[in-house]
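K.L.:
my questions are about this predicted structure, shown below with the sequence.
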Amino acid sequence: MENNTTTHAPRTAAEAVAMMKGIAYEPTKEEIRAAELEEERRKAQRAKEREEEEKRRLEEEQRALEAAARPTGLFDKLKDGLAKTRDNFVGNLESVFSGASSIDDDFYEELEEILIMGDVGVKATEEILDGLREQVKEQRIKDPMECRQLLIDQIRKQMDVGQAEYAFEQERSVVLMIGVNGVGKTTSVGKMAAKLKAMDKKVLMAAADTFRAAATEQLKEWSNRSGVEIICGAEGADPASVVYDALSAARARNADVLLCDTAGRLHNKKNLMEELKKIDRVIEREMPGAHRENLVVLDATTGQNALSQAREFASVSDLTGIILTKMDGTAKGGIVIAIQSELGIPVKYIGVGEKIEDLQKFDADAFVQAIFA
Ligand SMILES: Nc1nc2c(ncn2[C@@H]2O[C@H](COP(=O)(O)OP(=O)(O)OP(=O)(O)O)[C@@H](O)[C@H]2O)c(=O)[nH]1
Ligand SMILES: [Mg+2]
């Protein structure tokens with residue numbers, strides 16, 4: 001700058017022009033005061049605009065969250081999501097009830113075949129049919145149509161999940177979402193974050209799938225959608241260290257629930273399992289009193305494969321529940337019955353679509369009603 005008389009920043013517009021031209025200029029006190037007042041007014045205006053923008057954003061977010069939490073239409077969504085199961089699996093059962101002329105071995109065999117084909121699993125099918133036979137004998141039932149309600153009751157009995165299974169929602173808890181590649185872990189973290197936030201919980205999410213850069217980006221999108229803060233690490237970072245950071249953040253912010261996404265693919269299964277164990281240890285060490293939920297996410301469309309995946313994860317982790325996703329994509333919703341009875345681990349949530357509101361608490365009554373309605 002050519003100006004050799006001024007070393008400070010211009011205090012008024014006229015002084016700025018003078019400085020640019022290299023002319024000596026000294027504004028009056030009144031001019032300086034007027035310029036300061038003008039600057040303060042501009043700052044206040046900008047702050048107000050930012051505040052209004054933030055308010056608009058929060059209102060929009062609140063509307064989306066309320067829509068996600070609204071119970072109206074929840075049952076319709078479940079019914080829509082289970083349409084394939086209703087049309088196929090239940091449709092086939094209905095035709096046995098209406099088509100059979102008597103309750104004989106053929107009748108039971110036909111039911112058995114449909115239950116097995118509907119992915120209900122051998123053990124649960126046996127239990128359901130044994131229960132049905134007993135009731136038929138006890139109540140001296142002769143009409144196959146009368147077995148319909150009895151079968152529904154037996155199916156419901158196989159799936160009951162007590163309310164105690166959702167205690168973690170009311171406590172300080174750390175939820176680990178685990179499962180193989182592509183089953184819907186990240187999506188479920190996002191949906192659950194929105195659900196808990198709508199319940200006024202302080203939620204945090206940890207992007208502990210550092211195996212692919214895209215995984216963190218995907219969870220960031222869910223963080224935006226649900227308005228829930230996310231703790232991330234660099235690509236390739238140790239997932240346990242991301243969980244460690246997230247636990248510190250959860251403590252600092254006094255969060256109610258920390259939801260951790262994990263990787264579904266590592267170059268071998270042993271690594272994946274070791275990684276989960278390490279994350280487990282970090283949580284135990286850093287937040288020993290927290291309620292732990294290890295939820296294995298299973299894709300309902302993979303049928304019996306889902307069962308063997310759950311068994312493998314159960315061998316390395318204390319599974320506390322199951323999220324069964326993509327129920328809208330399968331005609332064999334009976335898998336939910338198989339999982340519960342074969343593994344003895346409760347299905348806590350089911351996914352019935354890709355949108356934020358498409359994760360529902362599993363309710364055996366609603367499920368049976370939705371498919372047999
Ligand atoms: N139709 C339907 N699609 C779902 C559901 N849940 C998840 N998806 C879809 O399944 C695909 C995989 O979901 P992700 O959440 O990325 O699965 P992930 O387990 O995190 O996958 P990786 O991180 O690759 O292991 C996405 O296209 C989701 O939109 C569901 O309940 N219904
Ligand atoms: Mg993922």
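P.N.:
Happy to help now that I have it. Ligands and ions are numbered 1, 2, ... in the order given.
K.L.:
wouldn't Gly131 be in contact with Ile155 here?
P.N.:
No: Gly131 is not in contact with Ile155 according to CB atoms under 8 Å; the separation is 9.4 Å. Using the backbone N, CA and C atoms, a C-beta is placed for each residue, glycine as well.
K.L.:
of those two, who's got more company?
P.N.:
Counted by other CB atoms under 10 Å, Gly131 and Ile155 do not tie: Ile155 has more neighbours, with 24 against 17.
K.L.:
give me phi/psi at the residue of the stretch 51-200 of the chain found nearest ligand 2?
P.N.:
Ligand 2 sits closest to Thr186 of the stretch 51-200 of the chain, with a gap of 3.3 Å, by CB to the ion. Phi and psi for Thr186, reported as degrees, to the nearest 10, are phi -60, psi -40.
K.L.:
now do Val347
P.N.:
Dihedral pair for Val347: phi -80, psi 110, per degrees, to the nearest 10.
K.L.:
what sits against Gly118?
P.N.:
If you count contacts by CB atoms under 8 Å, 6 or more residues apart in numbering, Gly118 has them with 85, 88-89, 92, 331-334.
K.L.:
ah, wrong one, I meant Gly333
P.N.:
For Gly333, the contact set (CB under 8 Å, 6+ apart) comprises 82, 84-85, 89, 118-119, 300, 327, 367, 371.
K.L.:
with adjacent residues omitted, what lies nearest to it?
P.N.:
Sequence neighbours aside, Thr85 is the residue nearest to Gly333 in space, at 3.2 Å (criterion: CB to CB, 6 or more residues apart in numbering).
K.L.:
how close does that neighbour sit to Gln340?
P.N.:
From Thr85 across to Gln340, the span is 15 Å (CB to CB, to the nearest Å).
K.L.:
more neighbours, these two?
P.N.:
Taking other CB under 10 Å, Thr85 and Gln340 do not tie; Thr85 has more neighbours (25 against 22).
K.L.:
low-confidence ranges, the stretch 151-300 of the chain, go.
P.N.:
Scanning the stretch 151-300 of the chain for pLDDT under 70 picks out 161-163, 266-267.
K.L.:
list, one by one, the residues from it near ligand 2.
P.N.:
185-186 (CB under 5 Å from the ion).
K.L.:
in the stretch 151-300 of the chain, what residue is nearest ligand 1?
P.N.:
Nearest to ligand 1, among the residues of the stretch 151-300 of the chain, is Gly264, at 2.4 Å (CB to the nearest ligand atom).
K.L.:
chain neighbours aside, what residue packs nearest to Val90?
P.N.:
Counting by CB to CB, 6+ apart, the nearest residue to Val90 once its immediate chain neighbours are dropped is Ile371, at 4.9 Å.
K.L.:
biggest helix in this structure by residues?
P.N.:
Looking across the chain with DSSP state H, the single longest helix is helix 29-69.
K.L.:
what mean pLDDT does that helix have?
P.N.:
Across helix 29-69, pLDDT averages out at 85.
K.L.:
now the element after that helix, going C-ward?
P.N.:
Heading C-terminal from helix 29-69, the first helix or strand you meet, by DSSP states H and E, is helix 74-81.
K.L.:
list the buried ones in that next one?
P.N.:
Residues of helix 74-81 classed as buried by neighbour count (16 or more other CB atoms under 10 Å): 74, 77-79, 81.
K.L.:
from the residues you listed, which single one is nearest Ala252?
P.N.:
Closest approach between those and Ala252, by CB to CB: Leu74, at 34.7 Å.
K.L.:
give me the nearest residue to that closest one, chain neighbours excluded.
P.N.:
Spatial nearest neighbour of Leu74, chain neighbours left out: Gln360 (6.7 Å); criterion: CB to CB, 6+ apart.
K.L.:
tell me where the stretch 151-300 of the chain has strands.
P.N.:
Using DSSP state E, counting those that start in this stretch, the strands of the stretch 151-300 of the chain run over residues 173-178, 203-208, 229-231, 257-262, 291-299.
K.L.:
now those in JSON lines, with mean neighbour count and distance to ligand 1?
P.N.:
Shown next, in JSON lines, are the strands of the stretch 151-300 of the chain (neighbours: other CB atoms under 10 Å; distance: least, CB to the nearest ligand atom, whole Å):
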{"stretch": "strand 173-178", "mean neighbour count": "26", "distance to ligand 1": "8"}
{"stretch": "strand 203-208", "mean neighbour count": "28", "distance to ligand 1": "10"}
{"stretch": "strand 229-231", "mean neighbour count": "20", "distance to ligand 1": "14"}
{"stretch": "strand 257-262", "mean neighbour count": "27", "distance to ligand 1": "7"}
{"stretch": "strand 291-299", "mean neighbour count": "24", "distance to ligand 1": "6"}
